[in-house]
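Asks: output the structure for:
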Amino acid sequence: VRAGVPVVVHEALSFPRHRVCGEFIRGLDAAAVQTLQLAPLLETAGRADRALWLARDRAIRSHAVRPAAFTVSRYELDAQLAETFVRAGGVLRTNHRVAALPAPGRVLACGRAVARNSLWLGLKLHAHGFAARAPLEMHLGDHAYVGVCTLPDGRVNLCGMFRRRSELTAPRERLLLAYLGAAGLEELAARLARATLDEESCSAVAALPLRPRVTREGVRIGDAFAMMPPFTGNGMAFAFQSAALALGPLLAWARRETTWRETERAIHQGQHRRFRVRLQLAGLLHPRLTSPCAQRWLVAATDAGVVPFHLLQHALS
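Replies: Next comes the predicted model:
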């Protein structure tokens, strides 16, 4: 829009809305911030400079997060992005669904592909008065991963990926508590039970893939290209970075300097070069972080001091 190219965004539902999201942005590089002019939107974001890893409520590792991650409510960030886009001259059509099919001039940012027959679901909510033990907490449970992030206003976002348990039924605002208990995260569940839950923020999503799968058809950014495993804390940065990579080729196409086929190829190749190692490593690690057997090995290896957390942090950014 700022470059003089008319842009229409079609949003199938209302916008903004609460989403299943870790609500921290780790590994966002300065080049992407500059390209997308994100600095004004991140001025009010919080900073998380330390992460605590826990397995079945036992702390196994605390480490610095360098550079510090941005922490921001997804609802509030989306609202700011929408306002900035419309103010710049863009057209935002909410509650308007279009076919998510490749076409010239169409950028698919429609979220992850549905993993049919997946046993995994995501749950998220905000809580007031939650006693956080670190700015970022990463919890490993029985077929579960949960991230806890302190937001700038003191609220805490809890977001988890769980293997579905058909025997668990509870009202929407209590479902996360039920899954925490079933995953062996009793201490985390007890802290959440003492807090005040924001029922409006409760969100759920099903059919989550356990490994990232790259979708090659058309121009896709963010989760529509590949879902970054949530334990990396890199999903939102990944979305911004893939948008920044796509911007140059899209502008060249809008100026009629390239064909749409060349544009698709340039964007896909750029994403492949930038994200291939990150996606492969994250896809290798993520299933093991939710496996009870692999978690026991991770705890033992961490106790022995042989897990290179700083190298993994760098490789996954």
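
Asks: next, the nearest residue to residue 247 once chain neighbours are set aside: phi, psi?
Replies: Leaving aside its chain neighbours, residue 247 sits nearest to residue 35 (6.1 Å; criterion: C-beta to C-beta, 6 or more residues apart in numbering). Glycine gets a C-beta too; all of them are placed from N, C-alpha and C. Torsion angles at residue 35 (phi, psi; degrees, to the nearest 10) stand at phi -60, psi -40.

Asks: any idea of the pLDDT on the nearest residue to residue 12 once chain neighbours are set aside?
Replies: Excluding the flanking residues, the one nearest residue 12 by C-beta to C-beta, 6+ apart is residue 97, at 4.2 Å. The model reports residue 97 with a pLDDT of 88.

Asks: so residue 97 sits right up against residue 110, yeah?
Replies: No. Assessed by C-beta atoms under 8 Å, residue 97 is found out of contact with residue 110, at 9.7 Å.

Asks: overlap in contacts of those two?
Replies: Common contacts of residue 97 and residue 110 (C-beta atoms under 8 Å, 6 or more residues apart in numbering): residue 12.

Asks: now the helices for the stretch 101-250 of the chain?
Replies: Under the criterion DSSP state H, counting those that start in this stretch, the stretch 101-250 of the chain contains helices at 172-182, 186-194, 235-254.

Asks: for those, which one sits closest to residue 4?
Replies: helix 235-254 (8.5 Å; C-beta to C-beta).

Asks: name the helices or strands packed onto that closest one?
Replies: strand 24-25, helix 30-36, helix 260-289 (3 or more C-beta pairs under 8 Å, 6 or more residues apart in numbering; DSSP states H and E).

Asks: so which bits of that helix are buried?
Replies: 235-246, 249-250, 253-254 (16 or more other C-beta atoms under 10 Å).

Asks: likewise for stretch 196-207?
Replies: Going by neighbour count (16+ other C-beta under 10 Å), the buried part of stretch 196-207 is 197-198, 201-203, 205, 207.

Asks: now swap in stretch 169-189 and tell me
Replies: Using 16+ other C-beta under 10 Å as the test for burial, stretch 169-189 gives 175-185, 188-189.

Asks: picking that back up, so can I have CSV of the buried residues of stretch 196-207 showing pLDDT?
Replies: Below are these laid out as CSV (pLDDT from 0 to 100):
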residue, pLDDT
197, 96
198, 96
201, 96
202, 96
203, 95
205, 92
207, 86
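
Asks: so which of the residues you listed sit within strands?
Replies: 197-198, 201-203, 205 (DSSP state E).

Asks: can you give me the first-to-last residue distance of stretch 66-77?
Replies: Terminal residues of stretch 66-77 are spaced 22 Å apart (C-alpha to C-alpha, to the nearest Å).

Asks: can you tell me what sits against it?
Replies: Residues outside stretch 66-77 that contact it (C-beta under 8 Å, 6+ apart) are 16-19, 21, 23-26, 28, 41-42, 44-49, 126, 135-136, 149-152, 155, 157, 201, 233, 236, 313.
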